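Undergrad: Make a model of this:
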Amino acid sequence: MDIAHLQTWIGRSEEVEERVCPFPSNALAATLDRDDPPYAEGAALPPLWHWLHFLSLCPQGALGPDGHPARGGFIPPVPLPRRMWAGSRLQFLAPMRIGQALRRVSAIEEVAHKSGRSGDLVFVTVRHRILDGDTPCVEEEQDIVYREAPAPGAPAPAPTAAPESSAFSRTIHPDPVLLQRYSALTFNGHRIHYDRDYCREVEGYPGLVVHGPLLAQLLMLMASRHLGRLKSFTFRATAPLMDFEPATLCQKGTMLWVRGPDGRQCMAAEAES
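TA: Residues are numbered from 1 along each chain as shown. You can find the predicted model right below:
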């Protein structure tokens, strides 16, 4: 792996413009079983709902074998087969409203190689800025991690145990329909979220993988409910959650996490109001 070549992508940028329409917000509210008033012109987007916009409309013939866009465009062509959204650091600076014409400016900030318990890892950090004219609304640093394929029969690394004590909690029951609807709303073709045979036979997962951003979205909604309007939010995926596993969303003060049914921590987050 030529990490020096991959690092030549640092500094590459792209810009996307979009007039925010109400359908994605209303569809996500329905998907999450929320009773929000209908989103219409002028309504503010809840935090993280910008992920429903500025989507990459990659042609079907330009997708890779995992369902993601083939590598080597804006994102460097990391030659490792498994990839995931590892986490983000976000700041909420001004409201984004339906009907606004917004633009997202993105740049590759870092490409780093590390060695982990499961082999080589490459982290690509992308910085996104969403602007209303010259006014920044959201700033986000997003970490994408690339990993080697699991060796046949290799044991999975021992996960971190989640904290047991929380001030607020609720249990969720993800299922394939929820995952399919969220994939459709975010135009996410990654096969780990809907192709069970691919998950088991190619990437070594026992079931469909629940989207990290979906878990982050649910934690964000919990944080907003108990802390009010948020200034910042950070999350890090720590272990995959499968579609057949119930999980508990937990909060204690500004700290939040997702606890799997065996007590493992699937995501850790922190919110600031």
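Undergrad: What ranges does the chain have for its helices?
TA: Assigned by DSSP state H, the helices in the chain fall at 3-6, 23-31, 176-185, 196-198, 212-227.
Undergrad: The last one: which residues count as buried?
TA: Burial within helix 212-227, assessed by neighbour count using 16 or more other CB atoms under 10 Å, is assigned to 212-220, 222-224, 227. For every residue, glycine as well, the C-beta is placed using N, CA and C.
Undergrad: Repeat that for the second one.
TA: By neighbour count, and taking 16+ other CB under 10 Å as the criterion, the buried residues in helix 23-31 are 24-29, 31.
Undergrad: measure His193 to Pro213 for me?
TA: Using CB to CB, to the nearest Å, one obtains 11 Å as the distance from His193 to Pro213.
Undergrad: wait, Arg264
TA: For Arg264, the distance to Pro213 under the criterion CB to CB works out to 19 Å.
Undergrad: Would you mind listing where this structure has pLDDT under the threshold?
TA: Scanning the chain for pLDDT under 70 picks out the ranges 153-154.
Undergrad: same thing but at 80, please
TA: Along the chain, the model assigns pLDDT under 80 to residues 71-72, 116-118, 150-157.
Undergrad: Now tabulate the buried residues of helix 23-31 in a markdown table and tack on distance to Gln251.
TA: Written out in a markdown table, the entries for these read as follows (distance: CB to CB, whole Å):
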| residue | distance to Gln251 |
| --- | --- |
| Pro24 | 26 |
| Ser25 | 24 |
| Asn26 | 26 |
| Ala27 | 26 |
| Leu28 | 21 |
| Ala29 | 21 |
| Thr31 | 22 |
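Undergrad: Tell me the one among these nearest to Leu6.
TA: Sorting the buried residues of helix 23-31 by distance to Leu6 puts Pro24 at the head of the list, at 32.6 Å, by CB to CB.
Undergrad: and the closest one, what is it in contact with?
TA: Under the criterion of CB atoms under 8 Å, 6 or more residues apart in numbering, the neighbours of Pro24 are 49, 52-53, 185.
Undergrad: Out of the helices of the chain, flag the one nearest Phe74.
TA: Using CB to CB as the measure, helix 3-6 is the one of these that comes nearest Phe74, at 13.0 Å.
Undergrad: Counting neighbours, which bits of that closest one end up buried?
TA: Residues of helix 3-6 classed as buried: Leu6 (neighbour count, 16+ other CB under 10 Å).
Undergrad: Would you quantify the distance from the spatially most central residue of the chain to Gly263?
TA: Taking CA atoms, centre = their mean as the criterion, Pro213 is the residue nearest the geometric centre of the chain, at 2.9 Å. Between Pro213 and Gly263 the computed distance is 23 Å (CB to CB).
Undergrad: Equivalent analysis for His53, please.
TA: His53 is 36 Å from Gly263, where distance means CB to CB.
Undergrad: Could you check which of those two has the larger neighbour count?
TA: Taking neighbours as other CB atoms under 10 Å, His53 and Gly263 compare with His53 leading, 19 against 13.
Undergrad: For that one, give me its contacts.
TA: Taking CB under 8 Å, 6+ apart, we find His53 in contact with 18, 20, 24, 102, 104.
Undergrad: what about 7 Å?
TA: With contacts defined as CB atoms under 7 Å, 6 or more residues apart in numbering, the neighbours of His53 are 18, 20, 24.
Undergrad: can I assume the first one is in contact with Ile98?
TA: No: under the contact definition of CB atoms under 7 Å, Glu18 does not touch Ile98, with a separation of 11.4 Å.
Undergrad: Compare neighbour counts for those two and give me the winner.
TA: Relative neighbour count places Ile98 above the other of Glu18 and Ile98, with 19 against 15, counting by other CB under 10 Å.
Undergrad: Could you double-check that that one sits in contact with Ala44?
TA: No: taking contact to mean CB under 7 Å, the distance of 8.0 Å between Ile98 and Ala44 leaves them out of contact.
Undergrad: Which neighbours do those two have in common?
TA: Taking CB under 7 Å, 6+ apart as the contact criterion, Ile98 and Ala44 have no common neighbours.
Undergrad: just to revisit the earlier point, so which of the helices of the chain gets nearest Trp85?
TA: helix 212-227 (4.9 Å).
Undergrad: Can you list the neighbours in contact with the closest one?
TA: Applying CB under 7 Å, 6+ apart, the set of residues contacting helix 212-227 from outside is 46-48, 51, 84-85, 168, 172, 182, 230, 233, 235, 237, 241, 249, 251, 256, 258, 266-267, 269, 271, 273.
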